[in-house]
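Enquirer: Based on what follows, work out the 3D shape:
(one chain, ligands or ions: 1)
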Amino acid sequence: MSFLQLHGLTKKFAEVTAVDDLSLNVEKGEFVSLLGPSGCGKTTTLQMIAGFVDATAGSIILDGKDITFAKPNERGLGIVFQTYALFPHMTVEKNVAFGLEMRKLSGNDIAARVKEALAMAQLEKFAQRYPRELSGGQRQRVALARALVIQPPVLLLDEPLSNLDANLREEMQFELRRIQQQAGTTTIMVTHDQAEALSVSDRVVVMREGSVIQIDEPYAMYENPATPFISRFVGKTNTFPVTLTRSPQGRQFELDGHRITLPHSADTAVDDGSEALVSLRPEKILISRQGQGRFAGKVQNSFFLGNLWMYEVQTAFGLVTVSVINNHEQVYTTGEAVSLDWHEDSLKVLAAERTGDRQA
Ligand SMILES: Nc1ncnc2c1ncn2[C@@H]1O[C@H](COP(=O)(O)OP(=O)(O)OP(=O)(O)O)[C@@H](O)[C@H]1O
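Expert: Below is the predicted model:
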């Protein structure tokens, strides 16, 4: 039996269904992210788990116990809010000790556990500082230490890195993962940042309009998105509308005068003759000097991203984004004629979605 089980969890606010029949099993020690665009119901789900919002329907089972209607303090979960919500008038040490004092542990136990939590979050030398005397990353580590010191069965993180600047954010992603693994705490994080979800999670849950649309490990989610929406939301991709036909060699479509046969691995539930979208990641495309690949194009824009070059290439089938690792190789310039190619295994075929799904 899974450690945390959400069964058919639903929340309605008057006419708005914020969360619609959400089911999810989380294993002990697992790090699961709820990922999705603004308003998809991530925070409401987290708040139902925390007990701040009552479920309209469904149940929450933690370690075999039904906690659907338990009060937040009876659940004893660790929570880190977006704003950290540290006590400004308390030192780091006091902030971290607070939850243990409320639970009336002995002075010695409190001192030992605070010491351990501060060490885990690498905060020992800041123990006597006040939150205002800390950087954003240090405050975020205090919030984590404070949540973990009570040894909660589940740690809930609500956009924990969104207040940090880009560099620090990346650093803290790894730090967050390290601390979570060291503590071994089952963790659920809400985020709208796909890179963050992919880099720290054991599994990612993509939500849209209150519903779960895919649950997978990060690599599988990126490589095999279930819908065009996920292929655009999780990472960047190029999509081309095509019509699939069947031949003795397998499923085929035509692009810019070329017949392309899909490998069996890319076979799909899409019916023959119906419209489909082919998804092709920018880093899976090979760009070369004119004539070396199957598809002709012209570089319309190039962007230098440090580790990567991104090219937008105009082709007969639309604007294609290509990314190339910056390893001192040839750089293509705007206006240059190039050709593109790819390995057929890189193609993913997805059923075209309803109209509202066309914008990521
Ligand atoms: N207290 C409330 N009363 C009415 N509607 C609400 C309430 N809380 C949330 N909603 C609605 O429920 C839906 C889901 O909101 P929720 O905050 O869970 O989304 P989210 O995915 O966390 O979005 P964000 O990333 O912007 O925080 C939204 O349409 C929101 O407007």
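
Enquirer: quick one: average pLDDT of the helix or strand where residue 118 lies?
Expert: When elements are defined using DSSP states H and E, residue 118 is found to belong to helix 107-120. In this model, helix 107-120 carries a mean pLDDT of 91.

Enquirer: just how off-centre is stretch 226-238 within its chain?
Expert: Relative to its parent chain, stretch 226-238 has a centroid offset of 12 Å by Cα atoms, centre = their mean, to the nearest Å.

Enquirer: tell me the contacts of residue 70?
Expert: Listed by Cβ atoms under 8 Å, 6 or more residues apart in numbering, the contact partners of residue 70 are residue 51. For every residue, glycine as well, the C-beta is placed using N, CA and C.

Enquirer: could we number from 643 for the rest of this?
Expert: Renumbered: residue one is now 643, and that last one reads residue 712.

Enquirer: With just CA atoms, put the helix holding residue 760 into CSV.
Expert: As requested, C-alpha coordinates have been extracted for helix 749-762 and formatted as CSV (Å, rounded to 0.1, in the frame of the first residue of the first chain):
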residue,chain,number,x,y,z
GLY,A,749,15.7,20.8,26.1
ASN,A,750,18.4,18.3,25.3
ASP,A,751,16.3,16.7,22.5
ILE,A,752,15.5,20.1,21.1
ALA,A,753,19.2,21.1,21.1
ALA,A,754,20.3,17.9,19.5
ARG,A,755,17.7,17.9,16.7
VAL,A,756,18.2,21.6,15.9
LYS,A,757,21.9,21.0,15.7
GLU,A,758,21.4,18.2,13.3
ALA,A,759,18.9,20.1,11.1
LEU,A,760,21.2,23.2,11.0
ALA,A,761,24.1,20.9,9.9
MET,A,762,22.0,19.2,7.2
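
Enquirer: From the contact counts, what lies against it?
Expert: For helix 749-762, the helices and strands in contact under the criterion 3 or more Cβ pairs under 8 Å, 6 or more residues apart in numbering; DSSP states H and E are helix 734-744, helix 778-790, helix 808-825.

Enquirer: Quick check: buried residues in stretch 896-904?
Expert: Neighbour-count burial for stretch 896-904 flags 902, 904 (criterion: 16 or more other Cβ atoms under 10 Å).

Enquirer: Give me the residues contacting it.
Expert: Residues from elsewhere that reach stretch 896-904, judged by Cβ under 8 Å, 6+ apart: 882, 884-886, 889, 891-895, 910, 920, 936-938, 957-959, 986, 989, 991.

Enquirer: For it, measure first residue to last.
Expert: Stretch 896-904 stretches 11 Å from its first residue to its last (Cα to Cα, to the nearest Å).

Enquirer: And stretch 789-801, by the same measure?
Expert: The distance separating the two terminal residues of stretch 789-801, taken as Cα to Cα, comes to 15 Å.

Enquirer: quick one on the thing from earlier: for the ligand, find the nearest of the helices and strands packed on helix 749-762.
Expert: Ranking these by their distance to the ligand (criterion: Cβ to the nearest ligand atom) puts helix 808-825 first, at 16.2 Å.

Enquirer: Can you show me the CA trace of that closest one as CSV?
Expert: As requested, the backbone C-alpha atoms of helix 808-825 are provided in CSV (Å, rounded to 0.1, in the frame of the first residue of the first chain):
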residue,chain,number,x,y,z
ALA,A,808,17.9,32.5,-11.6
ASN,A,809,21.4,31.4,-10.5
LEU,A,810,20.6,30.8,-6.9
ARG,A,811,17.4,29.0,-8.0
GLU,A,812,19.4,26.5,-9.9
GLU,A,813,21.8,26.0,-7.1
MET,A,814,19.0,25.6,-4.6
GLN,A,815,17.3,22.9,-6.8
PHE,A,816,20.2,20.6,-6.2
GLU,A,817,20.5,21.6,-2.5
LEU,A,818,16.8,20.9,-2.0
ARG,A,819,17.2,17.5,-3.6
ARG,A,820,20.3,16.7,-1.4
ILE,A,821,18.6,17.7,1.8
GLN,A,822,15.4,15.8,0.9
GLN,A,823,17.4,12.7,0.1
GLN,A,824,19.5,13.0,3.3
ALA,A,825,16.3,13.3,5.4
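
Enquirer: count of neighbours near residue 929?
Expert: 23 (other Cβ atoms under 10 Å).

Enquirer: wait, is it part of a helix?
Expert: No: under DSSP: H, G, I helix; E, B strand; the rest coil, residue 929 sits outside any helix and is assigned strand.

Enquirer: show me what contacts it?
Expert: Shown in contact with residue 929 (Cβ under 8 Å, 6+ apart): 935, 953, 955, 964, 966, 974, 980, 981, 982.

Enquirer: Just the pLDDT at it, thanks.
Expert: pLDDT, residue 929: 95.

Enquirer: What sits closest to it if chain neighbours are left out?
Expert: residue 964 (4.9 Å; Cβ to Cβ, 6 or more residues apart in numbering).

Enquirer: what sits up against the helix holding residue 760?
Expert: 734-735, 738-739, 742-743, 747, 766, 769, 787-788, 790-791, 821, 824-825.

Enquirer: Can you tell me which of those has the most neighbours?
Expert: The most neighbours of any of the contacts of helix 749-762, using other Cβ under 10 Å, belong to residue 738, which has 30 neighbours.

Enquirer: Might you report the residue contacts of that residue?
Expert: The neighbourhood of residue 738, defined by Cβ under 8 Å, 6+ apart, consists of 756, 759, 760, 765, 784, 787, 788, 791.

Enquirer: And it, how close does it get to residue 781?
Expert: Counting by Cβ to Cβ, to the nearest Å, the gap between residue 738 and residue 781 amounts to 12 Å.

Enquirer: got it, and residue 796?
Expert: 22 Å.

Enquirer: next one: residue 676
Expert: Distance check for residue 676 against residue 781: by Cβ to Cβ, it reads 23 Å.
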